[in-house]
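Chemist: My questions concern the predicted model and sequence given below.
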There are 2 protein chains.
Amino acid sequence: MKRILTREPILAANDAAARAVRERLGAAGIFAVNLIGSPGSGKTTLLEATVGVLPGVRMGIIEGDLATDRDARRLAALGVPAVQLNTGSGCHLDAAMVLGALERLPLVELELLFIENVGNLVCPAAFDLGEAAKAVVLSVAEGEDKPEKYAPTFLRAQAVVVTKADLAPHVGVDPHRLAASARAINPALVSFVVSARSGEGLDDWRGWLAAKGVE
Amino acid sequence: MKRILTREPILAANDAAARAVRERLGAAGIFAVNLIGSPGSGKTTLLEATVGVLPGVRMGIIEGDLATDRDARRLAALGVPAVQLNTGSGCHLDAAMVLGALERLPLVELELLFIENVGNLVCPAAFDLGEAAKAVVLSVAEGEDKPEKYAPTFLRAQAVVVTKADLAPHVGVDPHRLAASARAINPALVSFVVSARSGEGLDDWRGWLAAKGVE
């Protein structure tokens, strides 16, 4: 029988798995952040830099990509437990995938979990992964109009991290104006302007994570 | 041919609309290019530069975005007939939307049509829009690993345009190596390395369009 699955049952099934993820993370006392951003927005590099500024924090990472285990290997090289999920042609992670990945992480040893979603500024936002917060990662190289053009993702997030601030003079984009344009879409957003290369802004980002009970 | 059950009817309906688009464009003698790339990869800026290097070509443009008519206004400001399509929360254009947009363009006056898809390196590739060619737009700021990580899109394209070549020294990415990594995924790709800012590579891009009967 051929049938078109509408989004409602897909999202309902996802929400059930997200509740299971949230219960497991809650029981383990783990704060989880779902990182969402375009391909090349700097998600993995932000995670590498975050490992560097949170040396005492017991962190785990779930990496989502269509293919390759490059990103998990980059983080594992820093001594962080990292699980790679491959979606094939799937444009986002779902909670069932994350639930499976939790089995491969030493949850009792962790206090912070990053879930790096598939590079995509549209689809991941609709899928609750059981995270405590969604953070949008947006590089200055993407241009100032992106929050307005991709508003649904910004509306569902709690934080926005403007990356590659060191490129600002070369691309003619003011990273603080870019952050402000994201907050104009969603005034509840906390925003950070960072450069993994120069270290700019990483203290503020660390401070936000610390305020969430990490560290 | 085996397809995933739930997607089959959606893609079949899209293919029917794509055939109608292709017939109309064929009858009008219009060469159509479907531009696919991440948010901020430089698709609209490439189009602005293309208008500049093809002054004698009768060009039309369909712009796809979740929201705003910024991009259509940018192109219309250059004197190009431009139609904006807004997908709401949709992560790609479909052929039915393009078919509707054709009604709003002066087809008998055109020889080249660009369809700028929603900024997304994953979802647009699966939907035939009735175009003659798909071109992936990828900026050096996105990093060298993207063709391997987003292979399905590169496998369905005929061309890849590596943009923002002027940023190469600032991001530590060799644009020609990036182009080569895309060709390694799909050896049938023709590749271009361009900078809309410096004008680098735009002659080759224009040459490819000319070889397709445009100009």
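Modeler: Done, it's in.

Chemist: Phi and psi next, for the most centrally placed residue in chain A.
Modeler: Central residue of chain A (C-alpha atoms, centre = their mean): residue A:35, 0.6 Å from the mean position. Main-chain torsions, residue A:35, degrees, to the nearest 10: phi -90, psi 120.

Chemist: what about it, distance to residue A:122?
Modeler: Computed as C-beta to C-beta, to the nearest Å, the residue A:35 to residue A:122 distance reads 15 Å. C-beta: built from backbone N, CA, C; applies to glycine.

Chemist: got it, and residue A:16?
Modeler: Taking C-beta to C-beta, one finds residue A:16 at 23 Å from residue A:122.

Chemist: follow-up on the earlier one: need the contact list for the residue nearest to the centre of chain A.
Modeler: Residue A:35 makes contact with A:43, A:46, A:47, A:114, A:115, A:116, A:117, A:135, A:137, according to C-beta atoms under 8 Å, 6 or more residues apart in numbering or on different chains.

Chemist: okay, those residues in CSV with neighbour count next?
Modeler: What follows is the contacts of residue A:35, written out as CSV (neighbours: other C-beta atoms under 10 Å in any protein chain shown):
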residue, neighbour count
A:43, 27
A:46, 25
A:47, 25
A:114, 26
A:115, 26
A:116, 27
A:117, 29
A:135, 24
A:137, 28
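
Chemist: Next, count neighbours for residue A:56.
Modeler: Residue A:56 has 8 neighbouring residues, counting by other C-beta atoms under 10 Å in any protein chain shown.

Chemist: Could you do the one 10 residues further on as well?
Modeler: Residue crowding around residue A:66 was assessed by other C-beta under 10 Å; the count is 22.

Chemist: In space, what's closest to it - neighbours in sequence excluded?
Modeler: Nearest residue to residue A:66 in three dimensions, chain neighbours excluded: residue A:87, at 5.4 Å (C-beta to C-beta, 6 or more residues apart in numbering or on different chains).

Chemist: how near is residue A:177 to chain B?
Modeler: Per C-beta to the nearest C-beta, to the nearest Å, residue A:177 is found 15 Å from chain B.

Chemist: Mind listing what's buried along the strand or helix carrying residue A:10?
Modeler: According to DSSP states H and E, residue A:10 maps onto helix A:7-28. By 16 or more other C-beta atoms under 10 Å in any protein chain shown, the buried positions in helix A:7-28 come out as A:14, A:17, A:18, A:20, A:21, A:22, A:24, A:25, A:28.

Chemist: And these, which is closest to residue B:200?
Modeler: Checking the buried residues of helix A:7-28 against residue B:200 with C-beta to C-beta, the nearest one is residue A:14 at 44.9 Å.

Chemist: per-residue pLDDT, the closest one?
Modeler: Looking at residue A:14, its pLDDT is 96.

Chemist: Give me every residue in chain A lying close to chain B.
Modeler: Chain A comes close to chain B at residues A:2-5, A:38-40, A:65-68, A:70, A:89, A:91, A:118-123, A:126, A:139, A:141-143, A:145-146, A:148-152, A:164, A:166-167, A:170-171, as judged by C-beta under 8 Å from any C-beta of the partner chain.

Chemist: now, which of the residues you listed lie within strands?
Modeler: Secondary structure defined by DSSP state E assigns A:65, A:139 of those to strands.

Chemist: Among the residues of chain A next to chain B, name the buried ones.
Modeler: A:38-40, A:65-66, A:68, A:89, A:91, A:118-123, A:126, A:139, A:141-143, A:145-146, A:148-152, A:164, A:166-167, A:170-171.

Chemist: Could you tell me which residues make contact with the nearest residue to residue A:119 once chain neighbours are set aside?
Modeler: Counting by C-beta to C-beta, 6+ apart, the nearest residue to residue A:119 once its immediate chain neighbours are dropped is residue A:39, at 3.3 Å. Residue A:39 makes contact with A:119, A:120, B:38, B:121, B:142, B:146, B:149, B:150, according to C-beta under 8 Å, 6+ apart.
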